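Asks: Okay, sequence plus prediction incoming.
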Number of protein chains: 2
Amino acid sequence: MSLLSNAKTIKIKPVREIVYEQLRQAIVGGELEPGTRFTDGEIASEFNISRTPVREAIQKLEAEGLIERVPMRGNVVKGLLPKDVAQIFALRKALECLAVKYVAMNATEKELKNVRHILDQAKTYMTTLQGEALTDAYVPLVARYNKEMFEASHAPKIVDLIWNHREMLDRYRVVRVVIAKRMDESYRTREQMYSYFVSRSPEEASALWGNHIDKSYKIWLEVTGYSDQIGKHDYM
Amino acid sequence: MSLLSNAKTIKIKPVREIVYEQLRQAIVGGELEPGTRFTDGEIASEFNISRTPVREAIQKLEAEGLIERVPMRGNVVKGLLPKDVAQIFALRKALECLAVKYVAMNATEKELKNVRHILDQAKTYMTTLQGEALTDAYVPLVARYNKEMFEASHAPKIVDLIWNHREMLDRYRVVRVVIAKRMDESYRTREQMYSYFVSRSPEEASALWGNHIDKSYKIWLEVTGYSDQIGKHDYM
DNA sequence: AAGTGGTCTAGACCACTGT
DNA sequence: CAGTGGTCTAGACCACTTC
């Protein structure tokens, strides 16, 4: 009840959306570990709601591949094998390289200015802050940069796919580690990307971004120590 | 009622699935033209079922981007602008080029044999049939080839995305036209692809397939006459 | 045979529309 | 302030599992 009335004061947010977001957060945040089983009924009584909106939320999660509906056994949180992560990285590379080509060709002057502004702010941080404080300030800025950049592609379907697959990797919370390790390079890469956008050079932008993702993947391999569990043909 | 009992004799196919498939077919088949509006209730009484399964079907269609739920106006069949089609072609190129790299590296001997077998059959048709009869025999064979090929990538998530986006283009029923126009080239391309698979040459396979999709796109442009409505930056 | 999980129905309720 | 559309509830029912 408290949850329901809460939702209504915050304003018309369908219950299924709340359930969906909560469950999703629990899964990608690592609270619900892979293999965990639950039924529609359990969730329903946990939230004190009926099963219909829960079903709808769960169907959405299933469509996204976060859970699996096993006949007569309930819903199972799907895990990502190292091999899956490698393939998702490869997919991200394909999608994001395409998207940045669109950015180089389609971004408006206004959008480019936005990106420029974020870079300027990053530069300020780089010269005035250090250590943890710098990381804390820089990480969200990178998130903003990425968001603005991809949206400037004017290819919404592709951008949706990109966010979807980026979020799948959130489970491994490796983003922060990767950025912290290479903050300087991260900044220089994005400056260079910006200059390719300004000069309307799609191929160069794509190549640079592909390189960037290759490096992120390598760092992920190092950090997680999965190198030996992954075939050399899982990332392309 | 007749529909329900029918479904039950055919064996446990959830009603929402039936509704989903029927609606989807109606949309991609062109029966329901873009802009058509309908409500959950209408569909429910048309099928003589309650609204819950209809809602579930419609949510799935919405997630796929085939319809749009407009507040207080019902569900609207979304149309694809020429620009959207161009971007879907570009997306297909990115996804499929990645997938064929995986095929070249991951396909098992057995899978390669399957593909070989399909090619042999195609060759037979090419030498024994002509005109419409040849097209009728060849088109489904190409579909089988593609299916077997992509599945041999052992990258199920990527393959799902590919089918999803290929189906979006079914609305324009251009596949048959494209194939008929270039049956010979289509066959030779697939033979060449096969040889790259056998020699485990991912980059070559990817490049050839990319070229293949470029050509399909060009033919689509010609056939539909949309060339002038599409910016040169919508396909990359 | 009892129990659990999955699906569908019927209907209530509320928010927003248009007069 | 009636009407329509969208969402949720409660509960029935059936299929499959397990004992």
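Replies: Structure received.
Asks: Tell me, how many residues neighbour A:Thr127?
Replies: Residues contacting A:Thr127 under the criterion other C-beta atoms under 10 Å in any protein chain shown number 9. Placement of C-beta: from N, CA and C, glycine included.
Asks: Quick check: can you list the domain ranges of chain A?
Replies: A:2-77, A:82-229 (automatic domain parsing).
Asks: Confidence-wise, which of the ones you listed is weakest overall?
Replies: Mean pLDDT values for the domains of chain A show the minimum at domain A:2-77, a mean of 83.
Asks: That one and chain B in contact?
Replies: Yes. Domain A:2-77 is in contact with chain B by C-beta under 8 Å from any C-beta of the partner chain, via A:52, A:55-56, A:59-60, A:63, A:65.
Asks: any residue of stretch A:194-209 up close to chain B?
Replies: Yes. Judged by C-beta under 8 Å from any C-beta, stretch A:194-209 comes into contact with chain B through A:Pro202.
Asks: residues of that stretch that come out buried?
Replies: Within stretch A:194-209, the residues scored as buried using 16 or more other C-beta atoms under 10 Å in any protein chain shown are A:194, A:196-197, A:201-202, A:204-206, A:208-209.
Asks: re the thing from before, so which of the residues of domain A:2-77 next to chain B belong to helices?
Replies: A:52, A:55-56, A:59-60, A:63 (DSSP state H).
Asks: Any figure for the gap between A:Ile88 and A:Tyr217?
Replies: 10 Å (C-beta to C-beta, to the nearest Å).
Asks: and if you look at A:Met149?
Replies: Taken as C-beta to C-beta, the span from A:Met149 to A:Tyr217 is 19 Å.
Asks: So which of those two has more stuff around it?
Replies: Here A:Met149 and A:Tyr217 are compared on neighbour count by other C-beta under 10 Å; more neighbours surround A:Met149, at 26 against 19.
Asks: Please confirm that that one is located within a strand.
Replies: No. Counting by DSSP: H, G, I helix; E, B strand; the rest coil, A:Met149 is not part of a strand but helix.
Asks: Now do it against A:Lys113, distance only.
Replies: A:Met149 sits at a distance of 13 Å from A:Lys113 (criterion: C-beta to C-beta).
Asks: try A:Thr224
Replies: Counting by C-beta to C-beta, the gap from A:Thr224 to A:Lys113 is 38 Å.
Asks: Between the two, which is the more surrounded one?
Replies: A:Thr224 (15 against 10).
Asks: That one contacts A:Pro82, doesn't it?
Replies: Yes. Using C-beta atoms under 8 Å as the test, A:Thr224 is close enough to A:Pro82 to be in contact (7.4 Å).
Asks: by how many degrees do the longest helix seen in chain A and helix B:82-106 diverge?
Replies: The helix that spans the most residues within chain A, counting by DSSP H, is helix A:82-106. Relative orientation of helix A:82-106 and helix B:82-106, computed by axes from the mean of the first three to the mean of the last three C-alpha atoms, to 10 degrees: 150 degrees.
Asks: Flag every residue of chain A that's near DNA strand C.
Replies: A:8, A:12, A:39-41, A:51-52, A:55, A:69-75 (C-beta under 7 Å from any atom of the strand).
Asks: Now list the buried members of those.
Replies: A:40, A:55, A:74-75.
Asks: from those, which ones fall inside strands?
Replies: Taking DSSP state E as the definition of strands, these contribute A:74-75.
Asks: which of the buried ones among the residues of chain A next to DNA strand C sit farthest apart?
Replies: Comparing all pairs in these by C-beta to C-beta, the longest separation belongs to A:Arg55 and A:Gly74, at 12.4 Å.
Asks: intersection of neighbour lists for those two?
Replies: Common neighbours of A:Arg55 and A:Gly74, counting by C-beta atoms under 8 Å, 6 or more residues apart in numbering or on different chains, are absent.
Asks: How about the contacts made by A:Gln130?
Replies: Here A:Gln130 is in contact with no residue (C-beta under 8 Å, 6+ apart).
Asks: which residues in chain A form helices?
Replies: Going by DSSP H, chain A shows helices at A:2-10, A:15-28, A:40-47, A:51-63, A:82-106, A:109-128, A:131-151, A:156-168, A:175-181, A:183-198, A:202-224.
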